[in-house]
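S.K.: sequence plus the predicted model coming up.
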Amino acid sequence: MQKPMEKSCTLLVHFDKGAPSVANEIKEALECNDVPAKIDALKKAIMLLLNGETIPQLFITIIRYVLPSENHTVQKLLLLYLEIIDKTDSRGKVLPEMILICQNLRNNLQHPNEYIRGVTLRFLSRLNETEIIEPLIPSITANLEHRHPFVRRNAVLAIMSIYKLPEGQHLLEQAPEIIEKVLSTEQDHSCKRNAFLMLFNCAQDGALSYLFTHIDRINDWGEQQQMVALELIRKVCRSRKDGKGKYIKIIISLLNAPSSAVIYECAGTLVSLSSAPTAIRAAASTYCKLLQSQSDNNVKLIILDRLNELKNSHKEILLDMVMDVLRALSSPNLDIRRKTLDIALELLTRRNVDEIVLMLKKEMVRTQSGELEKNGEYRQMLVQAIHTCAIKFPEVASTVVHILMDFLGDTNVASAMDVVVFVREIIETNPKLRASIITRLLDTFYQIRAARVCCCALWIIGEYCLSLSEVESGIVTIKQCLGDLPFYAEFTEEGEAQDAPKSSRPLNAAVTSSRRPTVLADGTYATQSAALETAMSSPTRVQGLVSSVGNLRALLLSGDFFLGAVVACTLTKLVLRLEEVQPIKIEVNKAAAWALLIMVSVLQLGQSPVLPHPIDNDSHERTILCVRLLGNTGDDMKKIWLQSCRQSFVKMLAEKQLQEKEEIKAKAQISHAQPDDLIDFYHLKSRKGMSQLELEDEVQDDLKRATGEFTNDGANRLNRILQLTGFSDPVYAEAYITVHQYDIVLDVTVINRTKNTLQNLCLELATMGDLKLVERPQNYTLAPQSSKQIKANIKVSSTETGVIFGNIVYETSNVLERIVVVLNDIHIDIMDYISPASCTDSAFREMWAEFEWENKVAVNTVIQDEEEFLNHIIKSTNMKCLTPRLELEGECGFLSANLYAKSVFGEDALVNMSIEKQEGKLSGFIRIRSKTQGIALSLGDKITLKQKGGA
């Protein structure tokens with residue numbers, strides 16, 4: 001570890017590693033009088049220096065042959081060369097030959113060309129050597145009065161950089177006064193911004209004085225200067241709690257600025273500094289306006305994130321703006337639409353539900369007219385949103401259910417499935433709508449194309465067709481969708497069809513059966529009609545025949561025998577109910593005979609050789625059960641078929657509503673620290689010299705103090721401090737880790753425990769995993785027994801466990817070699833990036849089938865109770881259990897549950913736990929699936945570490 005310390009880099013240039021340049025060739029090119037050759041040679045020299053090469057022999061050549069050049073490009077490259085070469089020796093002293101460039105720099109600062117002056121001033125703003133800078137200060141300050149703004153703005157930056165140097169305040173004692181004078185006379189917006197930035201960084205009181213002096217003209221400032229003013233206000237308000245109201249007035253006045261960036265920053269500053277309803281309302285209104293005015297999708301997503309944060313903390317204020325938020329649905333981007341709907345649904349109240357539902361209905365109609373490729377997915381989101389509205393407020397169900405039923409035949413199966421699930425729930429929770437829903441469902445049943453949707457619709461028909469006319473209509477509808485029986489016709493050697501009535505030979509109008517036997521390629525006769533071959537050729541062709549053949553018939557001919565079993569169950573329920581409502585037994589027997597014929601035809605089709613695969617055992621047994629039941633019905637069986645099934649469905653809905661109420665109750669308990677509502681002493685506060693906004697802000701601050709939101713987090717901070725070195729080390733270090741969404745901030749305290757001055761002390765960090773060090777901490781000098789706060793920013797790009805390790809390196813005057821203190825490793829926990837989330841069972845299954853990364857962890861724990869182990873894993877992994885708690889109750893010795901979480905980067909984490917209890921010990925597996933490898937491995941490691949029941 002005795003390598004020389006890395007230098008800070010202010011310049012990055014792409015370096016093509018082709019044939020390496022030789023120093024002698026570069027030297028010869030620099031000595032010639034050809035300007036393009038000099039430019040090319042300087043570029044090669046700069047790239048070699050940037051890539052670690054040392055070519056000290058070129059310095060004198062450049063001083064002799066390049067320094068006198070008048071070419072602007074040569075002068076610019078010369079300054080870049082001077083910027084990256086070593087200007088100090090190993091002891092930190094400036095090299096004697098550096099004095100040679102001072103006169104040239106002074107000449108450049110007095111050059112008649114403004115470009116030469118500007119780039120030279122920019123070069124000086126990156127110099128740290130006071131010996132080179134000190135003789136140039138008069139020339140730098142003289143450029144503050146140059147006629148060209150390019151020179152003046154770089155002169156201001158150079159003065160700011162010099163003043164921030166360790167000895168800068170001695171070099172330029174009057175720098176703040178000089179810059180204040182420049183700021184009062186300057187007209188160029190960029191120069192004024194740089195001057196104001198200098199006061200902000202170096203003389204904060206001067207910046208505040210200028211701000212309040214020109215408060216009436218702040219809207220006329222340039223965009224960049226307004227952004228610096230906002231940063232100044234944030235910094236001052238965090239350090240000084242008094243007088244916050246006057247700063248908030250300035251922010252509200254800036255909300256009328258023409259720049260969208262300034263308006264966005266104003267809104268964010270308002271939310272961070274004030275909780276007054278007026279300020280929050282102004283910020284929310286600003287976000288809604290930006291949502292409409294900005295065309296960039298990324299900007300809209302960021303604004304929606306800010307609105308979502310406002311919704312969590314100031315929900316009552318955003319309730320009045322929900323329709324403004326919903327205007328973002330006009331964007332074709334699905335992510336924007338999804339976030340917009342999520343925000344709107346959480347702002348749903350009895351007062352605005354009618355407006356929201358009307359807006360969603362208009363969007364549903366709009367998806368029919370458009371031809372966008374993702375209209376199906378958008379329609380599915382709208383259906384789910386309307387479903388949520390109808391469940392929370394059942395009175396709106398009557399206005400939407402019939403419109404949604406038009407989409408039962410949607411080509412997007414997921415959207416159609418959401419519609420039929422919605423209809424199933426509404427028909428149970430709204431008895432008044434039952435008759436109209438059944439009538440509409442029977443009228444539109446033939447349009448349904450998907451087998452899953454057909455199954456759910458058939459269940460609804462079987463359960464909720466109660467009157468005589470409804471039962472008879474249900475049977476007729478199913479018969480029409482199945483078509484003529486049997487489903488296929490076998491041919492004898494004479495060419496005569498068996499078991500098929502003449503009317504069934506042509507299966508559709510487009511294709512007719514051939515009366516003559518067909519000779520196949522192998523010389524045998526065909527055993528089925530040409531029409532059947534067409535109807536059963538492939539699932540895709542079957543879908544095309546749905547409208548002409550009948551949806552149930554086409555799906556059965558494609559081999560979906562589960563649907564056949566559902567048809568049998570539905571017909572059985574309808575016939576059993578017909579026995580109760582139909583007094584004429586002949587009609588009942590006729591319906592029963594038709595149902596038996598259909599079931600037998602399904603069984604015959606399932607055992608025929610014309611389909612690629614026979615009927616499965618479950619569907620076969622279910623259909624046989626229905627046949628036996630119709631042949632011999634009893635009161636007990638009738639009760640099971642006609643009542644128990646619906647009772648189970650009602651119980652499932654009740655459990656779902658109970659779970660939602662418990663979640664709402666849990667959230668409500670977290671939001672308040674006091675058991676009773678607080679009294680707002682609004683009228684008892686002194687109003688002397690306070691505006692309405694300041695008064696509201698004071699009241700909100702008092703409420704936060706009363707509810708415990710203004711708490712001293714010193715104790716929490718102590719719990720998150722990590723010791724990096726030992727107490728016996730010459731340098732003691734500890735870190736406070738703050739984890740944000742996309743970055744980690746390490747606040748490292750370094751204490752010199754020796755009696756010597758530590759020079760060039762540096763915190764060297766390295767990372768493992770998807771962590772990247774944003775910038776390298778600089779070098780410091782530590783006096784004996786003194787301390788220093790060092791901050792390091794680390795960027796996080798994905799959810800996985802990462803490790804930060806490093807050293808503290810320093811030098812002392814007594815020891816020539818550098819001393820290294822190795823730090824303890826810092827492990828970044830995956831739990832800081834994932835949070836519990838919810839998803840539907842169908843979405844969980846789709847993601848489980850789609851995700852390719854799986855980590856299988858064997859259960860190895862001392863915990864003996866299944867539910868206790870499940871709760872321990874949920875707590876350890878910060879995930880949510882999707883399996884209802886009522887399904888996990890009871891003692892059966894076996895438990896299976898699904899867990900789900902989402903990371904801040906939008907990654908999904910799926911966990912399936914399957915365990916059983918054998919001889920008092922739990923065994924089984926925990927399977928983790930995700931789209932990325934990192935989250936699957938990190939979560940598996942976390943579960944392996946925590947599953948034994950430890951801390």
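M.R.: Right, received. Where do you want to start? Residues are numbered from 1 along each chain as shown.

S.K.: from Ile179, how far out is Arg350?
M.R.: Arg350 sits 59 Å away from Ile179, going by Cβ to Cβ, to the nearest Å. Where you see a C-beta, it was placed from the backbone N, CA and C, and this is true even at glycine.

S.K.: okay, the two: which has more neighbours?
M.R.: More neighbours surround Ile179 than the other of Arg350 and Ile179, with 28 against 10 (other Cβ atoms under 10 Å).

S.K.: wait, doesn't the more buried one sit right on Ala158?
M.R.: No - counting by Cβ atoms under 8 Å, Ile179 does not reach Ala158; the two are 11.5 Å apart.

S.K.: so how far is Lys361 from the nearest residue to Met405 once chain neighbours are set aside?
M.R.: Once flanking residues are discounted, Met405 sits nearest to Arg440: 5.2 Å by Cβ to Cβ, 6 or more residues apart in numbering. Using Cβ to Cβ, Arg440 is found at 16 Å from Lys361.

S.K.: cool, and Thr572?
M.R.: Distance, Thr572 to Lys361, by Cβ to Cβ: 37 Å.

S.K.: surely the residue nearest to Met405 and Leu404 touch.
M.R.: No - Arg440 is beyond contact range of Leu404, at 10.1 Å (criterion: Cβ under 8 Å).

S.K.: more neighbours: which of the two?
M.R.: Leu404 (24 against 17).

S.K.: nearest residue to that one other than its sequence neighbours?
M.R.: Per Cβ to Cβ, 6+ apart, closest to Leu404 is Val419, 5.0 Å.

S.K.: got the phi/psi numbers for that neighbour?
M.R.: phi -60, psi -50 (degrees, to the nearest 10).

S.K.: what's the neighbour count on it?
M.R.: Val419 has 29 neighbouring residues, counting by other Cβ under 10 Å.

S.K.: which residues touch it?
M.R.: Counting by Cβ atoms under 8 Å, 6 or more residues apart in numbering, Val419 touches 383, 404-405, 407-408, 410, 453.

S.K.: so which of those residues comes closest to Thr130?
M.R.: Thr130 lies nearest to Val383 out of the contacts of Val419, by Cβ to Cβ, at 70.0 Å.

S.K.: tell me, what's the model's pLDDT at that closest one?
M.R.: You'll see Val383 listed with a pLDDT of 85.

S.K.: any idea how many residues pack against it?
M.R.: Neighbourhood size, Val383 [other Cβ under 10 Å]: 26.

S.K.: measure it to Ser161 for me?
M.R.: Val383 is 60 Å from Ser161, where distance means Cβ to Cβ.

S.K.: kindly report the same for Ser69.
M.R.: 26 Å.

S.K.: and if you look at Ile137?
M.R.: Taking Cβ to Cβ, one finds Ile137 at 12 Å from Ser161.

S.K.: out of those two, which sits in the busier spot?
M.R.: Using other Cβ under 10 Å, the more surrounded residue of Ile137 and Ser161 is Ser161, with 19 against 16.

S.K.: would you say the more buried one is within a helix?
M.R.: Yes - checked against DSSP: H, G, I helix; E, B strand; the rest coil, Ser161 lies within a helix.

S.K.: contacts only, for it.
M.R.: 124-127.

S.K.: so where's the stretch 301-450 of the chain shaky on pLDDT?
M.R.: In the predicted model of the stretch 301-450 of the chain, residues 370-373 satisfy pLDDT under 70.

S.K.: sorry, slip of the keys, the one I care about is the chain.
M.R.: Residues of the chain meeting the criterion pLDDT under 70: 1-21, 92, 241-242, 370-373, 489-549, 666-719, 741, 798-801, 815-816, 948-951.

S.K.: need the single longest helix in it, by residues.
M.R.: helix 645-671 (DSSP state H).

S.K.: same for it, what does it pack against?
M.R.: helix 413-429, helix 451-464 (3 or more Cβ pairs under 8 Å, 6 or more residues apart in numbering; DSSP states H and E).

S.K.: can you rerun that using 10 Å?
M.R.: If you count contacts as 3 or more Cβ pairs under 10 Å, 6 or more residues apart in numbering; DSSP states H and E, helix 645-671 packs onto helix 297-313, helix 375-392, helix 413-429, helix 451-464.

S.K.: and it, how far out from the chain middle?
M.R.: In terms of Cα atoms, centre = their mean, to the nearest Å, the centre of helix 645-671 is found 27 Å from the chain centre.

S.K.: by how many degrees do it and helix 375-392 diverge?
M.R.: Counting by axes from the mean of the first three to the mean of the last three Cα atoms, to 10 degrees, helix 645-671 lies at 80 degrees to helix 375-392.

S.K.: so Thr572 and Lys361 - more neighbours on which side?
M.R.: Per other Cβ under 10 Å, whichever of Thr572 and Lys361 has more neighbours is Thr572, with 26 against 16.
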